[in-house]
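> any chance you could fold what I've pasted below:
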Amino acid sequence: MNSPTKEQLITALAQWIKQRPGLVYGNYGDPTSYHAELRGIAKDKRYAEQLLRAVELSSITAPEFLKAFDAFSGRLQWTDKGLDYCTGQYWPTEYRRAAAAVCASALWNHYREDYASTATEEESPGDAIRRNFKRVYGRTMQQRWFD
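Residues are numbered from 1 along each chain as shown. A predicted model of the protein is given here:
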């Protein structure tokens, strides 16, 4: 298997995130639940794009990035043919979460030692890592992807 470059991984994930979710309106009992699902999927897209951009701008290498594909139970994988995904329950609501989880895992692994070294006497290294991610991404993103 040929190892991809970081740029290939970034491009593939960007295209993955941009895919339409393919919701079927008839699967929902009313417009309210359908639109609520769409809002959640759109929020996942924003998270995934922001985390992917952070990976792109970081010094994370392609091998480091590939290791992060273990996130989200390893359902999103890089193969010789590109990205491959094994659906858990409902593809439209989880495919962007999988991409976001991979990016968050890559960021966590990359910054773990640096952020842990900032721990005070009152906090654990894990708390220091979370504190730093909260500072960089805000409370909501930290709690969702780095907790």
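
> distance of residue 44 relative to residue 121?
From residue 44 across to residue 121, the span is 38 Å (Cβ to Cβ, to the nearest Å). (C-beta placed from N, C-alpha, C; glycine too.)

> neighbour-wise, which of the two wins?
residue 44 (22 against 4; other Cβ atoms under 10 Å).

> where does the more buried one land in three-state SS?
On the three-state scheme (DSSP: H, G, I helix; E, B strand; the rest coil), residue 44 is labelled helix.

> could you shift the numbering so residue one becomes 26, and keep it that way?
With 26 as the first residue, the last one maps to residue 69.

> these two touch, right, it and residue 125?
Yes: Residue 69 is within contact range of residue 125, at 6.5 Å (criterion: Cβ atoms under 8 Å).

> how about the contacts made by the residue most central in space within the chain?
Nearest residue to the geometric centre of the chain (Cα atoms, centre = their mean): residue 125, 1.3 Å. Residue 125 makes contact with 69, 72, 73, 76, 170, according to Cβ atoms under 8 Å, 6 or more residues apart in numbering.

> which residues are in contact with the first one?
Going back to what we said before, that points to residue 69. 118, 121, 122, 125.

> mind listing which of those are in strands?
Members of the contacts of residue 69 lying in strands (criterion: DSSP state E): none.

> so what's the backbone phi/psi at residue 99?
For residue 99, the backbone dihedrals are phi 70, psi 20 (criterion: degrees, to the nearest 10).

> pLDDT score for it?
With respect to pLDDT, residue 99 has a value of 96.

> for residue 27, same thing?
77.

> flag the shaky bits of this protein, pLDDT-wise.
Low-confidence segments of the chain (pLDDT under 70): 26.
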